[in-house]
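>>> Structure here, sequence nowhere to be found:
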């Protein structure tokens, strides 16, 4: 299994099928190399990412991460 760990597209280039084309190219190449599964990790609180990735992938797991703000730490 291969995994996409993140991607970003500048706002002015969104809606031009850039990601769809990159994803299609990636899938084609991975199939040629014998891969059967492709996963993606994205932050589900990002509505743009959530809307995009779930058009192409089926959710199979959820994880929880806590980011600790350095300002919140006390000596």
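Sure thing, it's come through. It should be emphasised that the depicted structure is a prediction, and the values quoted were computed from it without experimental measurement.

>>> Tell me where the longest helix sits in this structure.
In the chain, with assignment by DSSP state H, the single longest helix is helix 18-32.

>>> neighbouring contacts of the next helix or strand after that one?
Where DSSP states H and E defines the elements, the next helix or strand beyond helix 18-32 is strand 38-40. For strand 38-40, the external contacting residues (CB atoms under 8 Å, 6 or more residues apart in numbering) are 1, 2, 3, 4, 26, 27, 30, 53, 56, 57, 60. In short, each C-beta sits where N, CA and C put it, glycine included.

>>> Kindly recompute the last result at 7 Å.
Residues outside strand 38-40 that contact it (CB atoms under 7 Å, 6 or more residues apart in numbering) are 1, 2, 3, 4, 27, 30, 53, 57.

>>> Could you single out the nearest of the residues you listed to residue 15?
Distances from residue 15 to the contacts of strand 38-40, taken as CB to CB, are shortest for residue 53 (15.9 Å).

>>> Hmm, residue 42 and that closest one touching each other?
Yes. Using CB atoms under 7 Å, residue 53 is in contact with residue 42, at 5.2 Å.

>>> what bits of the chain have low per-residue confidence?
72-75 (pLDDT under 70).

>>> can you rerun that using 80?
Within the chain, the stretches with pLDDT under 80 are 1-2, 5-7, 63-75.

>>> circling back to that earlier point, of the contacts of strand 38-40, buried ones?
residue 53 (16 or more other CB atoms under 10 Å).
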